[in-house]
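>>> sequence plus the predicted model coming up.
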Amino acid sequence: MVKKLIKHEFMALARMLVPMYIILLGLSLITRILFIFENDSLVYSIIAGSSVAILAIALIVGTVYTLVSCVIRFYRNLFSKEGYLTFTLPVSVEAHLLTKLFTAVVAYIASLAIIGVAFCIATSGDLLVEIIKAAGFLLGKAGEVLGANLPFYFLEFALLEIVSICMSFLLFYACMCIGQLAKRSRVLLALGVYFGYYYLVQILVTVGMVLLTMFQYTDAFSDIMNWISNNIELFVHILLLGATVFYGVLSGVYYLIAHKIMKKKLNLE
């Protein structure tokens, strides 16, 4: 049943995302064709410049649209009238949550891949070759400096990105679950919870920056900076893995909030 649920989720997300993929690839192809006929006329400059601007905006919007589509799918399938059918399936709350999370993460990564392909299509030719050469040069320099640590940095960074994506979706899921507790304006409550949480985090970050500014004048801060300068490779490993663990803990908290509400306080429309 879980496999069927995952298949159904991918099909539902595909109906929302595939048209966007087609638009992105189409815009990138149009941009590339325009550059093939490059000339110095004013009309060409306006058309080509507009095409590049539209494509850039579309690539950014595509990332946001993927996130919004996954969140909308979560709400419609679980907390709208469709939820009555969803929760009659012989599937646990854990399976529903993990299925939604898994398909959303895969869809988000797929969108990033499509955006990368669209960028490559639009810049194919001399520009893409120069970008690849620059990336290869930087990668070679990084390899000279970091040596055997470079592959581990890539793996740790990839793990951090995956965990951070999971955390982002689980935060939205937790806010949507809190919002559905209301009798009216559930979406507004969910948005209010999200933005309230966001501003609280910003306040905590600001306080942390102020405390760090005060701490940097102490001897302990100088000792820490000296240790970092002498152990920079170890520090980067600690920083990446520490951030991964921190995001993982937050993900667990958001998951528990969503799970408890869905299991104990489900309130369908």
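Good, I have the coordinates. Numbers count the residues shown, from 1 in each chain.
>>> quick one: the helices in the stretch 51-200 of the chain?
For the stretch 51-200 of the chain, helices defined by DSSP state H, counting those that start in this stretch occupy the ranges 82-86, 93-123, 126-146, 149-179, 186-215.
>>> list the buried residues of the first one.
Pointing back at helix 82-86 there. Residues of helix 82-86 classed as buried by neighbour count (16 or more other Cβ atoms under 10 Å): G83, T86. The C-beta positions use only the backbone N, C-alpha and C, and glycine is treated the same way.
>>> other SSEs contacting it?
Helix 82-86 is packed against helix 42-79, with contacts defined by 3 or more Cβ pairs under 8 Å, 6 or more residues apart in numbering; DSSP states H and E.
>>> pLDDT-wise, which helix or strand of the protein ranks last?
Ranked by mean pLDDT, DSSP states H and E, the weakest helix or strand in the chain is helix 126-146, scoring a mean of 65.
>>> how is this structure carved up into domains?
According to automatic domain parsing, the chain comprises the domains 1-124, 148-269.
>>> packing partners for the helix or strand hosting K260?
Using DSSP states H and E, K260 sits within helix 232-264. Packing partners of helix 232-264 (3+ Cβ pairs under 8 Å, 6+ apart): helix 93-123, helix 149-179.
>>> those helices into TSV, with extra columns for mean neighbour count, distance to G26 and mean pLDDT?
Listed next are those as TSV, based on neighbours: other Cβ atoms under 10 Å; distance: least, Cβ to Cβ, whole Å; pLDDT from 0 to 100:
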stretch	mean neighbour count	distance to G26	mean pLDDT
helix 93-123	19	9	88
helix 149-179	18	26	87
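>>> who wins for proximity to L240 among these?
helix 149-179 (4.1 Å; Cβ to Cβ).
>>> so what's the gap between the closest one and the chain middle?
Put simply, helix 149-179 sits 7 Å off its chain's centre (Cα atoms, centre = their mean, to the nearest Å).
>>> could you give the angle of that helix to helix 93-123?
On the basis of axes from the mean of the first three to the mean of the last three Cα atoms, to 10 degrees, helix 149-179 is oriented at 120 degrees to helix 93-123.
>>> which neighbouring elements make contact with helix 149-179?
Helix 149-179 packs on helix 42-79, helix 93-123, helix 126-146, helix 186-215, helix 232-264, going by 3+ Cβ pairs under 8 Å, 6+ apart.
>>> so which of the helices of the stretch 51-200 of the chain is nearest V71?
From these, taking Cβ to Cβ, the stretch that ends up closest is helix 149-179, at 4.7 Å.
>>> any idea which residue of the chain is furthest from its center?
S41 (40.2 Å; Cα atoms, centre = their mean).
>>> which elements pack onto the host helix or strand of K3?
Assessed by DSSP H and E, K3 sits inside helix 2-36. Helices and strands touching helix 2-36, by 3+ Cβ pairs under 8 Å, 6+ apart, are helix 42-79, helix 93-123.
>>> who wins for proximity to T206 among the ones you listed?
Closest among the helices and strands packed on helix 2-36, using Cβ to Cβ: helix 42-79, at 25.3 Å.
>>> show me what the closest one is packed against.
Using 3+ Cβ pairs under 8 Å, 6+ apart as the contact test, the elements touching helix 42-79 are helix 2-36, helix 82-86, helix 93-123, helix 149-179.
>>> rerun at 10 Å
Counting by 3 or more Cβ pairs under 10 Å, 6 or more residues apart in numbering; DSSP states H and E, the packing neighbours recorded for helix 42-79 are helix 2-36, helix 82-86, helix 93-123, helix 149-179, helix 186-215, helix 232-264.
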